[in-house]
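Enquirer: need the 3D shape of this:
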Amino acid sequence: MVLTKEELMGKLNHEAQILRHLISKVDPAKLDYRPTANQRSLLELLRYFTVFVPIHLHTIHAGVWDLDVWREAWQNEEAAAATRTLADIQGAVASQPALFVQLVGSLTESDLRAAMEMFGQTASRGSWLVWMVLCHYVAYRMQLFLYLKACGREELGTLDLWAGIDSPRAA
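Expert: Residues are numbered from 1 along each chain as shown. Below you'll find the predicted structure:
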């Protein structure tokens with residue numbers, strides 16, 4: 001694997017930290033914002049973060065992907081997420097690093113190199129962790145950042161998006 005297990009866990013932790021930072025910038029009055037009628041609302045996007053991370057982590061940790069099992073887990077997680085408030089979402093995201101320790105941390109280097117099939121493609125479990133968890137974090141946090149900007153958070157900048165820290169305010 002290109003990354004060591006510790007590096008991967010560090011990257012995942014960094015993404016969770018950035019996400020927590022961006023969530024702290026959400027104006028609760030804007031949770032119904034959606035760019036177009038067919039896109040997720042801000043609240044739905046935030047809830048999505050609480051769905052994909054545990055499902056993908058558990059699936060890849062198991063090393064076996066079964067579409068019916070995965071679909072059922074997805075439906076159950078979506079149903080649970082549908083009731084989550086902003087505070088619940090913050091708590092769920094704050095608990096994700098513990099999942100990294102539990103599920104990624106327990107995999108051996110051999111486990112990470114072992115092949116598994118998902119969605120009709122075969123790749124190493126480590127590759128799936130990068131693609132299905134790390135890349136999803138990056139993609140959807142960018143979407144969250146854009147939603148926040150569209151909701152008037154003009155002060156947000158590069159450091160908010162990539163480092164998870166407040167950007168300096170322009171004078």
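
Enquirer: so where do the helices sit in the chain?
Expert: Assigned by DSSP state H, the helices in the chain fall at 5-23, 42-62, 67-81, 86-99, 109-113, 125-128, 135-150, 158-162.

Enquirer: make TSV out of these and add distance to residue 30, mean pLDDT and mean neighbour count.
Expert: C-beta: built from backbone N, CA, C; applies to glycine. Below are the helices of the chain laid out as TSV (distance: least, Cβ to Cβ, whole Å; pLDDT from 0 to 100; neighbours: other Cβ atoms under 10 Å):
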stretch	distance to residue 30	mean pLDDT	mean neighbour count
helix 5-23	12	97	18
helix 42-62	6	97	20
helix 67-81	19	96	13
helix 86-99	11	97	16
helix 109-113	40	95	14
helix 125-128	34	96	22
helix 135-150	8	97	17
helix 158-162	16	96	16
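
Enquirer: now for these, which one comes closest to residue 168?
Expert: Residue 168 lies closest, by Cβ to Cβ, to one member of those: helix 158-162, at 7.6 Å.

Enquirer: pull the residues that contact the closest one.
Expert: 18, 21, 22, 25, 141, 142, 145, 165, 166, 167, 168 (Cβ atoms under 8 Å, 6 or more residues apart in numbering).

Enquirer: tell me how many other residues surround residue 164.
Expert: 18 (other Cβ atoms under 10 Å).

Enquirer: can you pull the pLDDT of it?
Expert: Here, the pLDDT recorded for residue 164 equals 96.

Enquirer: roughly how far apart are the residue lying closest to residue 145 once chain neighbours are set aside and residue 59?
Expert: The shortest distance from residue 145 to any non-neighbouring residue, by Cβ to Cβ, 6 or more residues apart in numbering, is to residue 161 (4.9 Å). According to Cβ to Cβ, to the nearest Å, residue 161 stands 28 Å off from residue 59.

Enquirer: brilliant, that's me finished.
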